[in-house]
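*Asks:* Following is a predicted model, sequence given first.
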Amino acid sequence: MNDISPQAGAFPAAARCATGCGDGEGSVQVALDPALRIDGAKVFAIYGKGGIGKSTTSSNLSAAFALQGRRVLQIGCDPKHDSTFTLTKRLVPTVIDALEGVDFHPEELRVEDFVYEGFAGVQCVEAGGPPAGTGCGGYVVGQTVKLLKEHHLLEESDVVIFDVLGDVVCGGFAAPLQHADRALIVTANDFDSIFAMNRIVAAIGAKARNYGVRLGGVIANRSAAVDQLAKYNEATGLSTLARFPDLDAIRRSRLRKSVVFEMEDAPELDAVRTAYLDLAASLWAGVEPLAAVPLRDREIFDLLGFE
């Protein structure tokens, strides 16, 4: 019997151990079980400030990979569990919901209890999260990967995308970095988004000491201009992989439970679709790791013009 539980008091010690568990020199975050390593698939972890459009970006990117013939698995790592909303057209039950339904006996779960097929055959999973104020999101991510491995879904995927909530604030929600080959950061051209990105760059650097994850680059979202982002990239060694404008059609696609490839044709949307397909193609071909160095907080204020 698996001892995971959604009840605050019932969460096992490992689930509560967001700090102090240790995953090697240079980190005090949740340790990766070597048995949970993902082999074969190209694994990407999508991070960025809350509300910046990570789920929209992740789902459209998953769709682009699938349209290019890749077998794609998208894992939402947010208790809000709406990462795959536009792919499946609904809020699907989470892994935690599924486990709760079998009284936390994971051996009783079937694939269809926690994996849902979305647009173009993308396999969709929502990890869910621990009760608010307790538990560890990293433990939930670990349990999700464990279930996917037991059902051979990871080895049957060409691409795995982790869509992770908000900016990195704890070791738990940095757990997908232990599995990823490349971490991608979604940002806009504003101070708060870039400040959050700087923290994520630092977190990825910390994980890279002990794991294979490396920075893949930046995805500029909802950005008519990129001057502030360009300053930051130049100062840190980052580079932008793709840029998506602030289009009302993209906003409406989420309201219509659709990825951009399902929306009516329009010249500006055709360009967005092409950009997603180009991004998927470049990621599949492989992007060089970036040796970015995060700035100190004061340096960001100075760089971006705060008085």
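*Replies:* Sure thing, it's come through.
*Asks:* Which residue ranges of the chain form strands?
*Replies:* With DSSP state E, the ranges of strands along the chain come out as 42-48, 72-77, 116-117, 123-126, 159-164, 182-187, 214-221, 240-244.
*Asks:* Can you give the contact residues for the last one?
*Replies:* Applying Cβ atoms under 8 Å, 6 or more residues apart in numbering, the external contacts of strand 240-244 come out as 53, 57, 184, 216-223, 226, 229-230, 233, 250, 272, 275-276, 278-279, 282-283, 287. No exception for glycine: its C-beta is placed from N, CA and C like everyone else's.
*Asks:* ChimeraX command for the buried members of those residues?
*Replies:* ChimeraX command restricting those to the buried ones, with burial defined by 16 or more other Cβ atoms under 10 Å:
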select :53,57,184,216,217,218,219,220,221,222,223,226,229,233,250,272,275,276,279,283,287
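*Asks:* Keep only those of the contacts of strand 240-244 that are in helices.
*Replies:* In this view, those that belong to helices under DSSP state H are 57, 229, 230, 233, 250, 272, 275, 276, 278, 279, 282, 283.
*Asks:* Need the pLDDT of the second one.
*Replies:* Translated: residue 229. We have a pLDDT of 96 for residue 229.
*Asks:* Against residue 69, how distant is it?
*Replies:* From residue 229 across to residue 69, the span is 32 Å (Cβ to Cβ, to the nearest Å).
*Asks:* swap in the third one?
*Replies:* Taken as Cβ to Cβ, the spacing of residue 230 relative to residue 69 amounts to 34 Å.
*Asks:* ok so, going back, TSV please, covering the strands of the chain and showing distance to residue 96 and mean pLDDT.
*Replies:* Written out in TSV, the entries for the strands of the chain read as follows (distance: least, Cβ to Cβ, whole Å; pLDDT from 0 to 100):
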stretch	distance to residue 96	mean pLDDT
strand 42-48	20	96
strand 72-77	12	96
strand 116-117	15	98
strand 123-126	9	97
strand 159-164	16	96
strand 182-187	24	97
strand 214-221	28	97
strand 240-244	31	96
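*Asks:* Make JSON lines from those strands and add distance to residue 173 to it.
*Replies:* Putting these into JSON lines (distance: least, Cβ to Cβ, whole Å) gives the following:
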{"stretch": "strand 42-48", "distance to residue 173": "9"}
{"stretch": "strand 72-77", "distance to residue 173": "7"}
{"stretch": "strand 116-117", "distance to residue 173": "22"}
{"stretch": "strand 123-126", "distance to residue 173": "14"}
{"stretch": "strand 159-164", "distance to residue 173": "6"}
{"stretch": "strand 182-187", "distance to residue 173": "13"}
{"stretch": "strand 214-221", "distance to residue 173": "17"}
{"stretch": "strand 240-244", "distance to residue 173": "22"}
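*Asks:* got a pLDDT number for the spatially closest residue to residue 50 that is not a sequence neighbour?
*Replies:* Among residues not flanking residue 50 along the chain, residue 166 sits closest, at 4.0 Å (Cβ to Cβ, 6 or more residues apart in numbering). Confidence at residue 166, expressed as pLDDT, is 72.
*Asks:* still on that earlier bit, pLDDT check: weakest of the ones in helices among the contacts of strand 240-244?
*Replies:* Lowest pLDDT among the ones in helices among the contacts of strand 240-244: residue 250, with 92.
*Asks:* Check whether that residue really touches residue 260, as I assumed.
*Replies:* Yes - under the criterion of Cβ atoms under 8 Å, residue 250 is in contact with residue 260, at a separation of 6.3 Å.
*Asks:* What residues sit buried inside stretch 60-72?
*Replies:* Applying a neighbour-count criterion of 16+ other Cβ under 10 Å, the buried positions in stretch 60-72 are 60, 61, 62, 63, 64, 65, 66, 67, 70, 71, 72.
*Asks:* quick one, what contacts the third one?
*Replies:* Counting by Cβ under 8 Å, 6+ apart, residue 62 touches 72, 74, 87, 118, 122, 159, 161.
*Asks:* Please name the residues that touch the fifth one.
*Replies:* Under the criterion of Cβ under 8 Å, 6+ apart, the neighbours of residue 122 are 59, 62, 63, 65, 66, 72, 73, 74, 84, 87.
*Asks:* Let me know how buried residue 185 is, in neighbour terms.
*Replies:* Neighbour count of residue 185, defined by other Cβ atoms under 10 Å: 30.
*Asks:* An error on my part: the question was meant for residue 124.
*Replies:* 23.
*Asks:* give the contact list for the closest residue to it other than its chain neighbours.
*Replies:* Distances taken as Cβ to Cβ, 6+ apart put residue 84 closest to residue 124, at 3.7 Å, once the chain neighbours are dropped. By Cβ under 8 Å, 6+ apart, the contact list for residue 84 reads 55, 59, 74, 76, 92, 116, 118, 122, 124, 125, 126.
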